[in-house]
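# Fold the following and give me the result.
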Amino acid sequence: MGVHIFTIILFFVVGFFCVLVGLFGWKWFLQSRNASMMLRLFGPKLVRVVYGVIGLSLIAMSIVISRSVGLGDYLMAKFC
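The predicted structure is shown next:
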């Protein structure tokens, strides 16, 4: 169960960060080496939309994984 919890938290945190980048368009992130290539190819608006979609997808994946492994039942049994 520990590996699943780590994966769920990792997906959620990275997804939340990507959504924030998409919403606020942080220059320090979008001007990094890897993101600047996408910025030159697609333009700033589309890159922000892509990061937002990636973030929402990662958050959705964390929810699907948590439901498939029964994380809610595990936490209820452990802490209640």
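
# My read is that Ile59 contacts Gly15, right?
Yes - with contact defined as Cβ atoms under 8 Å, Ile59 and Gly15 form a contacting pair (3.9 Å). For the C-beta atoms, the positions are set from N, CA and C on the backbone; glycine is no exception.

# center of this protein - which residue?
Ranked by distance to the mean C-alpha position of the chain (Cα atoms, centre = their mean), the top residue is Gly15 at 1.0 Å.

# That one: helix or strand, and which one exactly?
helix 2-24 (DSSP states H and E).

# Same check on Val47?
Counting by DSSP H and E, the secondary-structure element that holds Val47 is helix 44-68.

# got a list of contacts for the following helix or strand past that helix?
The C-terminal neighbour of helix 44-68 among helices and strands, as given by DSSP H and E, is helix 71-79. Contacts of helix 71-79 with the rest of the structure, by Cβ atoms under 8 Å, 6 or more residues apart in numbering, involve 1, 4-5, 8, 66.

# Tabulate these in CSV, adding columns for pLDDT, neighbour count and distance to Gly55.
Formatted as CSV, these follow (pLDDT from 0 to 100; neighbours: other Cβ atoms under 10 Å; distance: Cβ to Cβ, whole Å):
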residue, pLDDT, neighbour count, distance to Gly55
Met1, 63, 11, 25
His4, 83, 15, 21
Ile5, 86, 15, 20
Ile8, 91, 18, 15
Ser66, 88, 20, 17
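
# From these, pick the one nearest Val47.
Checking those against Val47 by Cβ to Cβ gives Ile8 as the nearest, at 26.8 Å.

# Confirm for me that the closest one is in contact with Ser68.
No - Ile8 sits out of contact with Ser68 when judged by Cβ under 8 Å, with a separation of 10.2 Å.

# Just list what the helix holding Gly15 packs against, helices and strands only.
Using 3 or more Cβ pairs under 8 Å, 6 or more residues apart in numbering; DSSP states H and E, the elements in contact with helix 2-24 are helix 44-68, helix 71-79.

# in whichever helix or strand comes after that helix, what counts as buried?
Beyond helix 2-24 in the direction of the C-terminus, DSSP H and E gives the next helix or strand as helix 27-30. For helix 27-30, the neighbour count (16 or more other Cβ atoms under 10 Å) marks Leu30 as buried.
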